[in-house]
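Participant: Quick check, what structure comes out for this input:
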Amino acid sequence: MTQSDGRLLSLIFLSYGVLSTFGNLSSAALASVLASLAFAILSMSPKPFGPPFPRATGIVLTIALPATTILYDHTLDHHVFLATSAVLIAAIVIHSVVATRAATIVAFALAAGALAAGIVANFTWAFATIDVFQFQQRAAQALLNGGNPYTPLVASPQVMPPGITRVIPLHFPYGPSVPVLEAPFRLIGDVRILHVVAALIMSAAVLLLARRAGTVSRSACVVMAFPLTAGMILFGWVDIITMAGLAVWLVLFRTHPRAATLALVIALAVKPTTLIALVPIIFWSVRARRQVVIAGAITAVFVLPFALITGLSQFYYNVLGIQLTVLPRLDSLTVDSYLHAIGLPILPFAVSAVVIAVTAVAVLRRRPDTYGDLLAGTAILATVSFLVAKWAFFNYYYIPAVLLMLAIAGDRLALDAPELIRPPSWLIAAPDVLRTMLGRVPWARRLPGVVVRHTPRERPA
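Facilitator: So this is what the prediction gives:
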């Protein structure tokens, strides 16, 4: 099993876990997410875990990915995904077996048609029952009317003390790039058209990375088969916009820094949950670090007028504060939900923080040589973070799923020039500084590796 095989298996299990209950808790869904995490960890091994899969086995695994779309029929009103999954499977077989440009065009046309059919069959123009869609529609409309997108109120279910879900009015809970980008599509009638555009942009970014890495054969199949796009579009989750911007940045930050920085600004000004996906690349890449700082400054300038008009405290609460103050959602696909379901206490915040910190250290302890290593490690960190979070539904696990797709595309592609791949200098110096500081503490001088600083009187003759 190669690294790419392990990442493909990880993506298959993650997709099944998410789609089996549409991001809600079940033992099978949680077990599938944990299996996905295990295969992602195995794929980080520098040596193949066993012999490579035969080509036929690889095709079968790729076929298993679109087969998970059948699970949409358990959730959505119009059951067309049994047929569309068959079309997707046919597209993958055509692309895998017939290695011609015409076959590739036919395969992508079939895959696009199948995805469009699944979406259109379950799409109601300018209407969706989920509060996420109403937030975006009203915020974009307020902006078109010359108002503040953070003024409209939308009824949203929230967990209130003592753990009872109530419907309460809330303001727009996302960053200002969402209504700004969606305003033109609100004129048409439905802001989710932007989500379709974002899905196309993200697919193009994956294929561009695959072209550079020489992994187009498998990556094209994964892009055609990627099963979570339909749900993200139908329910209007904004994470698809964030991940499109992040994917463009990851692919272009070396070659087109200005376009990449603009894409990162868009991603940062949508939703804070994707910040976890920046940790590994910020740690290792000097160039990426610079662009993140620049993008962060531009984002702050862009966000500031909206924050001032809304009121700094209210804006903070709308976008970030509510995420920190509300109680856990114990129907989501998390470890806390499972512990609650079997009658055990949920994890304290400190324990969750330690789990995330340990995972981050484990991911960052080995320098990534390729985009595949970097993005698979990022997917591991994101998956663990959501497993121990207060809640994580379909749209949260979409983030590591996209990262796994990018990891498959970036297999064997060198990440960057050696002189640009190093952790921050203060982290390199931190162990030496800590040892020196401990050397000044009498009781710590016996610890191995501690540097003892002698005073003039203490120095041996």
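
Participant: Spell out which residues make up each domain of this protein.
Facilitator: Recorded structural domains for the chain (assignment: automatic domain parsing) are 3-420, 432-461.

Participant: Including mean pLDDT and mean neighbour count, could those go into a markdown table?
Facilitator: Just so you know, the C-beta spots here come from the backbone N, C-alpha and C atoms, and that holds for glycine as well. Below are the domains of the chain laid out as a markdown table (pLDDT from 0 to 100; neighbours: other C-beta atoms under 10 Å):
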| stretch | mean pLDDT | mean neighbour count |
| --- | --- | --- |
| domain 3-420 | 94 | 19 |
| domain 432-461 | 56 | 10 |
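
Participant: tell me the phi and psi of S156?
Facilitator: In terms of degrees, to the nearest 10, the main-chain angles of S156 are phi -140, psi 140.

Participant: That should have said V270, apologies.
Facilitator: Here V270 shows phi and psi, under degrees, to the nearest 10, equal to phi -110, psi -60.

Participant: could you measure it against Y317, distance?
Facilitator: Distance, V270 to Y317, using C-beta to C-beta, to the nearest Å: 18 Å.

Participant: List the residues that contact V120.
Facilitator: For V120, the contact set (C-beta atoms under 8 Å, 6 or more residues apart in numbering) is empty.

Participant: Revised request: answer the last question for T75.
Facilitator: Contacts for T75 (C-beta under 8 Å, 6+ apart) come out as F22.

Participant: ok, it to I63 distance?
Facilitator: Using C-beta to C-beta, we find T75 at a distance of 22 Å from I63.

Participant: before we move on, what about P257?
Facilitator: Going from P257 to I63 by C-beta to C-beta gives 39 Å.

Participant: what does I241 give?
Facilitator: 29 Å.

Participant: now do S85
Facilitator: The gap separating S85 from I63 is 10 Å, by C-beta to C-beta.

Participant: go on, D77?
Facilitator: Between D77 and I63 the computed distance is 27 Å (C-beta to C-beta).

Participant: can you check R101 too?
Facilitator: Taking C-beta to C-beta, one finds R101 at 22 Å from I63.

Participant: Can you show me the strands along the protein?
Facilitator: For the chain, strands defined by DSSP state E occupy the ranges 154-160, 164-170.

Participant: would TSV of those with distance to F135 be doable?
Facilitator: Shown next, in TSV, are those (distance: least, C-beta to C-beta, whole Å):
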stretch	distance to F135
strand 154-160	5
strand 164-170	8
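
Participant: can you give me the helices for the stretch 251-400 of the chain?
Facilitator: Using DSSP state H, counting those that start in this stretch, the helices of the stretch 251-400 of the chain run over residues 257-268, 279-284, 286-310, 312-316, 322-325, 335-341, 349-364, 371-387, 394-409.

Participant: Looking at those, spot the one closest to S27.
Facilitator: For the helices of the stretch 251-400 of the chain, the distance to S27 is smallest for helix 335-341, at 7.3 Å, taking C-beta to C-beta.

Participant: what's the closest one packed up against?
Facilitator: Applying 3 or more C-beta pairs under 8 Å, 6 or more residues apart in numbering; DSSP states H and E, we find helix 335-341 packed against helix 27-42.

Participant: Please identify which of the strands of the chain is closest to L387.
Facilitator: strand 154-160 (18.7 Å).

Participant: and the angle from that closest one to strand 164-170?
Facilitator: 140 degrees (axes from the mean of the first three to the mean of the last three C-alpha atoms, to 10 degrees).

Participant: for strand 154-160, packing partners?
Facilitator: Applying 3+ C-beta pairs under 8 Å, 6+ apart, one finds that strand 154-160 contacts helix 131-144, strand 164-170.

Participant: Could you export the ones you listed to TSV, including columns for distance to A350?
Facilitator: Shown next, in TSV, are the helices and strands packed on strand 154-160 (distance: least, C-beta to C-beta, whole Å):
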stretch	distance to A350
helix 131-144	30
strand 164-170	26
